[in-house]
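Engineer: The following block contains a protein sequence and its predicted model.
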Amino acid sequence: KAGAISCEHLLPPIYDAREIFLKKNKKIQETETYFKVLIVGLMSNVNISQVNVLRKHVFPVIEKNKLTKKIKFHFVGINNDNLPNDFKNKDYVIARGYVEDIYTELNNSDLLFSVTPKRFGFRVRLAEALSFGTCILTTKFDQLSLPFLKDNFNCYIVDDIKNTGNKILEIFKNQARNNHIKYNARKAYEENLSYEVAGKNFEKFINIVK
């Protein structure tokens with residue numbers, strides 16, 4: 001009811017980041033020494049659900065393991081005044097507000113946080129992130145509409161929301177495998193969502209309708 005369980009006629013994002021992906025070997029334009037987790041979007045229902053996951057299952061793990069200087073969470077699309085009150089005093093939470101280039105943000109992040117505790121349908125932000133070869137942390141609910149997503153292969157998937165903090169901790173401790181994940185993320189985009197693949201599938205669909 002919240003979105004397609006599967007769909008053979010997915011339309012790709014308007015922008016394909018192939019050229020940027022080919023040139024990307026490391027984070028550009030920024031020189032953070034910490035692990036950067038990106039959260040994208042205004043306070044929609046999707047983001048509010050993510051905020052609850054961060055509050056209940058992620059931040060306690062980060063604080064318990066004393067990683068507040070080594071892992072930071074960047075909110076793009078919301079300024080500090082609009083953050084939840086209990087987030088405002090955390091120095092590892094950064095509200096970026098409006099940014100000029102979301103593609104640069106995706107390119108410079110270590111992990112795109114897209115953990116939602118229920119189905120919200122097809123997520124365009126995940127398709128764009130795959131286009132960039134971004135490391136994504138998502139759930140089995142998004143895997144329903146993007147069935148080619150595979151944990152520890154082309155993304156990271158949380159099966160139990162309560163384990164989200166520990167999953168981020170695991171990813172942080174094993175960053176060496178992220179290049180492998182990024183490569184496979186881009187490959188997943190090319191094989192499933194690229195113009196060539198999605199376009200042909202859409203043409204078949206149109207011909208069937210005719």
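Structural biologist: Alright, I've got the coordinates.
Engineer: Now the most centrally placed residue in the chain: phi and psi?
Structural biologist: The centroid of the chain falls nearest to residue 112 when counting by CA atoms, centre = their mean (3.2 Å). Backbone torsions of residue 112, given as degrees, to the nearest 10, read phi -90, psi 120.
Engineer: residue contacts, it?
Structural biologist: Listed by CB atoms under 8 Å, 6 or more residues apart in numbering, the contact partners of residue 112 are 37, 38, 40, 106, 125, 126, 129, 134, 135, 136, 137. (C-beta placed from N, C-alpha, C; glycine too.)
Engineer: and it, how far is that from residue 141?
Structural biologist: To residue 141, residue 112 is 16 Å away according to CB to CB, to the nearest Å.
Engineer: And the next helix or strand past the helix or strand hosting residue 167?
Structural biologist: Residue 167 is located in helix 164-173, with elements delineated by DSSP states H and E. The element immediately downstream of helix 164-173 (helix or strand, assigned by DSSP H and E) is helix 178-192.
Engineer: so after that following helix, what's the next helix or strand?
Structural biologist: Downstream of helix 178-192, the first helix or strand assigned by DSSP H and E is helix 195-209.
Engineer: Run the angle between that next one and helix 178-192 for me.
Structural biologist: Angle, helix 195-209 to helix 178-192, by axes from the mean of the first three to the mean of the last three CA atoms, to 10 degrees: 30 degrees.
Engineer: packing partners for helix 195-209?
Structural biologist: Helix 195-209 sits against helix 178-192, with contacts defined as 3 or more CB pairs under 8 Å, 6 or more residues apart in numbering; DSSP states H and E.
Engineer: chain center to the helix it packs on: distance?
Structural biologist: Between the centre of helix 178-192 and the centre of its chain there are 13 Å (CA atoms, centre = their mean, to the nearest Å).
Engineer: What is the least confident helix or strand in the protein?
Structural biologist: Ranked by mean pLDDT, DSSP states H and E, the weakest helix or strand in the chain is helix 18-23, scoring a mean of 62.
Engineer: So what angle separates the directions of the helix or strand following that one and helix 164-173?
Structural biologist: For helix 18-23, the following helix or strand on the C-terminal side (DSSP H and E) is strand 35-40. If you take the same axes, to 10 degrees, strand 35-40 sits at 130 degrees to helix 164-173.
Engineer: For strand 35-40, name the packing helices and strands.
Structural biologist: If contacts are counted by 3+ CB pairs under 8 Å, 6+ apart, strand 35-40 sits against strand 71-76, helix 102-108, strand 111-113.
Engineer: Out of the ones you listed, which is the most enclosed?
Structural biologist: Comparing the helices and strands packed on strand 35-40 by mean neighbour count (mean count of other CB atoms under 10 Å), strand 111-113 comes out on top with a mean of 23.
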